[in-house]
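In: dropping the sequence and predicted coords here.
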Amino acid sequence: MNESKETSKKTELAYAAGQITEVGLYQYFSFFVFTFYFFVVGLNIYYIVIAFIIWAFWNAFNDPLIGALSDRTKSKYGRRKPWIIGGLIPVLFVMVFTFTPPIDSSQFFIFIYFVIIILLYETFFSMFGVNWLSLLPEMYEDLEERAKVMQYVLGGVFISMIVAVMLPAMFIPDYRDPQYFGNYVIAAIAMAIFFGFWGFVFIKWGLKEKLEYSKDAEAAPSVFSSFKYSFKSKSFRRYAITNFFAWYTLGMVVIFPAYVAFAIGVADTALIGLLSVVTLIAMVLFGPVWKKITLKVGVRKAMIYSLLIWGFSQIPYLFIEDYGSALIVSVFSGIGLSGVSYLQRIIMAVICDEDELNTGVRREAGFWGINYFINRLSTIAVFLSIGLIFTSTNWIIYGGEASVTPEMILGLRLLRSIFTFVGLMIGVVFMILFPITKEVNEQIAQDARKLHLEKKAKVSG
């Protein structure tokens with residue numbers, strides 16, 4: 001292997017290290033924040049639902065703003081790097097403070113603390129995440145390059161999610177028990193150190209911005225215009241709906257510890273984590289398969305196939321009652337999730353390419369900021385669904401395991417199966433309507449390469 005190839009692979013691996021941080025921070029927050037505040041802290045379900053609705057409305061402003069401002073940033077360090085560094089360090093501290101609410105205070109005071117902390121968490125997380133995601137289409141231009149890098153990125157997803165769901169089990173024996181409040185804090189500190197390390201690796205060796213895009217900041221649209229231009233894209237509109245329901249399904253992970261404990265009857269945190277590990281192993285093992293499928297049939301058909309597999313794997317959660325069955329279902333869920341995770345960023349990169357040909361400007365962060373906003377709207381849908389089920393079964397405050405009724409367990413089953421299945425099938429419909437076929441994608445790639453050469457010549461000259 002020559003030096004340039006070695007350097008290229010080092011950069012690709014270091015770029016993928018950023019995925020460990022990005023997914024890990026989000027997954028740890030998603031997996032534990034509901035369980036912690038509802039079961040351990042004892043916060044009323046109404047307060048939790050209201051807090052996440054406020055959080056999602058904040059994202060209506062926060063994510064598109066960060067994306068548009070990043071596209072317009074002009075500095076000697078590039079467009080993305082100042083935002084990435086500025087977001088990473090604070091979000092690590094806020095992640096720890098997420099699990100230090102004033103438990104001796106009133107419900108309302110805890111609610112106020114919860115709202116403030118999740119707004120801060122989201123703001124700093126978006127500064128890092130939006131800009132990390134924006135680098136993929138900038139650094140890697142064609143489908144083959146992106147498909148190769150996404151295999152490393154899937155490896156990053158695997159590492160981050162394994163750590164996010166398994167390492168806390170070393171500190172927290174029972175996720176629902178209030179006596180382990182302090183253990184959540186220790187686990188959060190360990191997570192911050194781990195994810196912070198991989199964020200540093202990415203910044204040091206995997207953050208590369210191309211010279212030919214340096215002038216795009218001057219022509220990037222304003223925040224309002226960026227929002228308007230993004231939704232003019234038929235490709236983005238249709239994919240956004242698909243992605244909304246994919247994130248809705250991912251968002252239901254917040255009830256997974258409760259689902260396993262009450263519907264399957266397994267409260268051991270290591271065994272709960274093992275179910276996620278099985279899903280992740282299947283996800284990584286099938287990554288190369290999805291790469292081959294994508295290169296053969298294109299991103300549109302590959303996403304449809306993966307959504308169908310992931311969707312039908314949700315149905316058994318309605319009726320399974322033993323741990324062995326849950327392990328088997330986790331494998332099939334991982335196969336579908338593998339395709340969706342692999343393709344999400346590649347599809348967004350293709351949409352950005354198409355937009356650049358139409359506007360002459362690369363504005364990945366603007367797209368990713370709005371995409372983040374749409375993803376966070378899915379969180380409103382998740383918590384409205386949970387609120388609907390929990391209130392209809394009179395599960396307002398957790399009163400201990402003895403207070404859990406068969407109706408409450410059925411509610412958990414419905415959330416984990418039927419709600420997610422229906423959402424993913426809606427995603428399939430809108431992916432069928434997605435206009436970028438394999439042939440269209442190939443033409444976009446050819447035209448984009450020509451445009452990039454012209455931009456590079458202008459900057460160099």
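Out: Thanks, I have it.
In: and the strands in the stretch 351-461 of the chain?
Out: Per DSSP state E, counting those that start in this stretch, the stretch 351-461 of the chain carries no strands over any range.
In: shaky segments in it?
Out: Across the stretch 351-461 of the chain, the ranges flagged by pLDDT under 70 are 459-461.
In: and stretch 324-338, which residues are buried?
Out: 326, 329, 330, 331, 332, 333, 334, 335, 336, 337, 338 (16 or more other C-beta atoms under 10 Å). In short, each C-beta sits where N, CA and C put it, glycine included.
In: just the C-alphas of that stretch, formatted as PDB.
Out: Extracted in PDB, the C-alpha atoms of stretch 324-338 (Å, rounded to 0.1, in the frame of the first residue of the first chain):
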ATOM      1  CA  GLY A 324     -34.700 -16.500  23.400                       C
ATOM      2  CA  SER A 325     -37.400 -15.200  21.000                       C
ATOM      3  CA  ALA A 326     -36.300 -11.700  21.800                       C
ATOM      4  CA  LEU A 327     -32.700 -12.600  20.700                       C
ATOM      5  CA  ILE A 328     -33.900 -14.000  17.400                       C
ATOM      6  CA  VAL A 329     -36.100 -10.900  16.700                       C
ATOM      7  CA  SER A 330     -33.100  -8.700  17.500                       C
ATOM      8  CA  VAL A 331     -31.100 -10.300  14.700                       C
ATOM      9  CA  PHE A 332     -33.700  -9.600  12.100                       C
ATOM     10  CA  SER A 333     -34.200  -6.100  13.400                       C
ATOM     11  CA  GLY A 334     -30.400  -5.600  13.100                       C
ATOM     12  CA  ILE A 335     -30.500  -6.600   9.400                       C
ATOM     13  CA  GLY A 336     -33.100  -4.000   8.500                       C
ATOM     14  CA  LEU A 337     -31.500  -1.300  10.700                       C
ATOM     15  CA  SER A 338     -28.100  -2.100   9.100                       C
END
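In: quick one: residues in contact with that stretch.
Out: The list of residues contacting stretch 324-338 from outside it, by C-beta atoms under 8 Å, 6 or more residues apart in numbering, reads 154, 260, 264, 274-276, 278-287, 289-290, 306-314, 316-317, 320.
In: out of those residues, which are inside helices?
Out: Residues of the contacts of stretch 324-338 located in helices (DSSP state H): 154, 274-276, 278-285, 287, 289-290, 306-312.
In: so where's the stretch 1-150 of the chain shaky on pLDDT?
Out: For the stretch 1-150 of the chain (pLDDT under 70), the answer is 1-7, 60.
In: switch to 80 and redo it
Out: Scanning the stretch 1-150 of the chain for pLDDT under 80 picks out 1-7, 56, 59-61, 63-64, 68, 71-72, 75-77, 136-138, 141-143, 147.
In: that older thread, narrow the ones in helices among the contacts of stretch 324-338 to those that are buried.
Out: For these, a burial check counting by 16+ other C-beta under 10 Å picks out 154, 274-276, 278-280, 282-284, 287, 290, 306-311.
In: got the buried residues for stretch 378-389?
Out: 378, 379, 380, 381, 382, 383, 385, 386, 387, 389.
In: stretch 37-53 now?
Out: For stretch 37-53, by 16+ other C-beta under 10 Å, it's 37-41, 43-45, 47-52.
In: from these, pick the one nearest residue 424.
Out: residue 52 (21.3 Å; C-beta to C-beta).
In: which strand or helix spans the closest one?
Out: Assigned by DSSP states H and E, residue 52 belongs to helix 45-71.
In: output the contacting helices and strands for that helix.
Out: Counting contacts by 3 or more C-beta pairs under 8 Å, 6 or more residues apart in numbering; DSSP states H and E, helix 45-71 packs against helix 81-97, helix 107-139, helix 223-232, helix 364-392.
In: got the buried residues for the second one?
Out: Within helix 107-139, the residues that qualify as buried by neighbour count (16+ other C-beta under 10 Å) are 110-115, 117-139.
In: tell me the angle of it relative to helix 364-392?
Out: 150 degrees (axes from the mean of the first three to the mean of the last three C-alpha atoms, to 10 degrees).
In: chain center to helix 107-139: distance?
Out: 12 Å (C-alpha atoms, centre = their mean, to the nearest Å).
In: again with stretch 253-267
Out: On the basis of C-alpha atoms, centre = their mean, stretch 253-267 is displaced by 21 Å from the centre of the chain it belongs to.
In: again with stretch 295-315
Out: How far stretch 295-315 lies from its chain's middle: 18 Å, per C-alpha atoms, centre = their mean.
In: contact partners for residue 113?
Out: So residue 113 contacts 101, 102, 105 (C-beta under 8 Å, 6+ apart).
In: which of those residues has the most neighbours?
Out: residue 101 (21 neighbours; other C-beta atoms under 10 Å).
In: so it touches residue 110, yeah?
Out: Yes - look at residue 101 against residue 110 with C-beta atoms under 8 Å: they come within range, at 5.2 Å.
In: what sits against the closest residue to residue 90 other than its chain neighbours?
Out: Once flanking residues are discounted, residue 90 sits nearest to residue 124: 4.3 Å by C-beta to C-beta, 6 or more residues apart in numbering. The contact partners of residue 124, taken as C-beta under 8 Å, 6+ apart, are 87, 88, 90, 91, 94.
In: neighbour count added to these, as JSON lines?
Out: Listed next are the contacts of residue 124 as JSON lines, based on neighbours: other C-beta atoms under 10 Å:
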{"residue": "87", "neighbour count": "23"}
{"residue": "88", "neighbour count": "26"}
{"residue": "90", "neighbour count": "16"}
{"residue": "91", "neighbour count": "26"}
{"residue": "94", "neighbour count": "22"}
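In: same list, those, but as JSON lines with distance to residue 437 please.
Out: Converted to JSON lines, these look like this (distance: C-beta to C-beta, whole Å):
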{"residue": "87", "distance to residue 437": "36"}
{"residue": "88", "distance to residue 437": "38"}
{"residue": "90", "distance to residue 437": "42"}
{"residue": "91", "distance to residue 437": "38"}
{"residue": "94", "distance to residue 437": "43"}
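In: which one of those is nearest residue 206?
Out: residue 88 (13.1 Å).
In: let me see the contact set for the closest one.
Out: 21, 124, 127, 128, 196, 199, 203.
In: just the residues you listed now: which is nearest residue 72?
Out: Nearest to residue 72, judged by C-beta to C-beta, of the contacts of residue 88 is residue 127 at 14.6 Å.
In: how about the nearest residue to the closest one, chain neighbours excluded?
Out: In space, and not counting its chain neighbours, residue 127 is closest to residue 87: 2.7 Å by C-beta to C-beta, 6+ apart.
In: what's the distance between that neighbour and residue 167?
Out: Computed as C-beta to C-beta, to the nearest Å, the residue 87 to residue 167 distance reads 23 Å.
In: what is the burial count for residue 392?
Out: Neighbours of residue 392 using other C-beta under 10 Å come to 11.
In: no further questions, thank you.
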